[in-house]
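1. Predicted model and sequence follow; I will ask about them next.
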Amino acid sequence: MPTFTVYKGRKDGKVTKSETSKPDLKGDEVFLKVTASGLCGTDLHYREQDMALGHEGVGVVEEVGPHVTYMKKGDRVGWGYEHDSCGHCEHCLKGAETYCPERAMYASADLDQGSFASHAVWREAFLFPIPDNLSDEDAAPLMCGGCTVFNALHAYDTQPTEAVGVMGVGGLGHLAIQFAAKMGCHVVALSGSDSKKEEATKLGANEFIAMKDVKEVKASRPLNRLLVTTSAQPDWEKLIPAMAPGATIHPLSVSEGNFSIPYMPLLLKGLRIQGSVVAPRFIQRRMLEFAAFHGIKPVIEKFPMNEESINRAMDKLNDGDVHYRGVFIPE
Ligand SMILES: NC(=O)c1ccc[n+]([C@@H]2O[C@H](COP(=O)([O-])OP(=O)(O)OC[C@H]3O[C@@H](n4cnc5c(N)ncnc54)[C@H](OP(=O)(O)O)[C@@H]3O)[C@@H](O)[C@H]2O)c1
Ligand SMILES: [Zn+2]
Ligand SMILES: [Zn+2]
């Protein structure tokens, strides 16, 4: 019966060290030792909940359950937001298990374990082998941040001829810039100020727009696609004029309240709004292969995995000061 350390949210927002015990491994469960965990903007939303935090995990397999078929002790594997699904509904059958009615996802299932932890037990079916040329610490932020933006681009048929806007140069945004650039797109980064211009350009942005300086966004080309990765919903009125007719807007921010957008331009420009959540497994695998092949890596800031440092990193992320993805490394 494995027992291990997890870090949990608490009512007053102070993340606290705790312990979890799991029953002996059954079915295709895998026991793994965590070697790196990303810190995603979504973790901030659950800091005050009584649940184990973290959903960008990478680790090494220590033990396998009786029905594990291909993973073995010593393998490097990662996991993200989704831990299980029914396997037989229409969504599961068509490779869209992220929309399975019985999906088990971070913050709504398996609240006893996360990636801010020493170990974890997950189903082999929802684990991903990490390509050799991706380190554990570089792979961790890809498990949620990377797959979310790659999914928005890949699942909705981005073409290399498109102009793609990426709003918010943070954990998700700095990866979106790299993916869209390697897909061959004209990439326009949209950021609050111009402080991230040089780095966004190095990551592959062809243009950079500081939102504070503009009343209406206008890039050198109308945008065929816009990924919104800010931690709050943007001012849509400012953004709509930048969109090409027939363009797709991907709002990815987790936000409370309603989605409110100027109505007539939506009709007159034939715009499409496409919501999405993380990535189904086949796209997650393609994302890892694409990142490994093109040398796409997150820009990371490392923190030791302990109570004090997890709280410090979360405060820093909340203040918008993490550069660009925090990664916890076990001590
Ligand atoms: N849909 C999904 O499946 C999914 C998956 C993962 C995460 N998310 C959500 O995606 C969002 C981004 O996550 P992340 O991990 O990339 O967070 P992050 O690293 O904090 O990046 C967010 C970026 O938003 C901008 N920003 C900061 N404060 C802001 C504010 N008050 N108003 C508007 N913009 C602000 C900053 O970019 P600039 O400095 O460039 O302006 C910041 O770098 C979060 O809401 C997260 O919950 C959604
Ligand atoms: Zn996330
Ligand atoms: Zn299902």
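-> Perfect, I can see it now. Ligands and ions are numbered 1, 2, ... in the order given.

2. For ligand 1, what's the nearest residue on the protein?
-> Using CB to the nearest ligand atom, the closest approach of the chain to ligand 1 is made by residue 170 at 1.9 Å. Bear in mind the C-beta positions are built from the backbone N, C-alpha and C, glycine included.

3. do you know how far that residue is from residue 23?
-> 38 Å (CB to CB, to the nearest Å).

4. repeat for residue 208
-> Where residue 23 is concerned, residue 208 sits at a distance of 52 Å (CB to CB).

5. The two: which has the busier surroundings?
-> Counted by other CB atoms under 10 Å, residue 208 and residue 23 do not tie: residue 208 has more neighbours, with 20 against 9.

6. got the phi/psi numbers for that one?
-> As for residue 208, its main-chain torsions (degrees, to the nearest 10) stand at phi -140, psi 130.

7. which residue packs closest to the residue of the stretch 201-331 of the chain found nearest ligand 2, ignoring adjacent ones?
-> Closest residue of the stretch 201-331 of the chain to ligand 2, CB to the ion: residue 278 (7.2 Å). Spatially, and ignoring its direct neighbours in sequence, residue 278 is nearest to residue 81 (4.5 Å; CB to CB, 6 or more residues apart in numbering).

8. Contacts only, for residue 212.
-> Neighbour list for residue 212: 192-193 [criterion: CB atoms under 8 Å, 6 or more residues apart in numbering].

9. Verify the assumption that it is located in a strand.
-> No: under DSSP: H, G, I helix; E, B strand; the rest coil, residue 212 falls outside any strand and is assigned helix.

10. Quick check: pLDDT value at it.
-> Predicted confidence (pLDDT) for residue 212: 93.

11. Need the residue closest to the centroid of the protein.
-> Centrality entry for the chain: nearest residue to the mean C-alpha point is residue 145, 1.8 Å, by CA atoms, centre = their mean.

12. Any figure for the gap between that residue and residue 272?
-> In terms of CB to CB, residue 145 sits 23 Å off from residue 272.

13. mind giving me the domain split of this structure?
-> 3-143+299-329, 147-273 (the TED database).

14. centre of the chain versus the longest strand along the chain, how much separation?
-> Looking across the chain with DSSP state E, the single longest strand is strand 29-39. Its chain's C-alpha centre and that of strand 29-39 lie 16 Å apart, by CA atoms, centre = their mean, to the nearest Å.

15. Could you list the buried residues of it?
-> 29-32, 34-39 (16 or more other CB atoms under 10 Å).

16. For that strand, name the packing helices and strands.
-> If you count contacts as 3 or more CB pairs under 8 Å, 6 or more residues apart in numbering; DSSP states H and E, strand 29-39 packs onto strand 57-64, strand 76-79, strand 119-123, helix 136-139, helix 307-318, strand 325-329.

17. what lines up beside the third one in the sheet?
-> Meaning strand 119-123. In the sheet, strand 119-123 lines up against strand 29-39 (antiparallel) (DSSP bridges).

18. so residue 261 touches residue 272, yeah?
-> No: Residue 261 lies out of contact with residue 272 (CB atoms under 8 Å); the separation is 11.8 Å.

19. Point out the residues in this protein that sit beside ligand 1.
-> Applying CB under 6 Å from any ligand atom, we find that the chain lies next to ligand 1 at 40-42, 144-145, 148, 168-173, 191-192, 196, 229-232, 252-254, 277-278, 317, 320.
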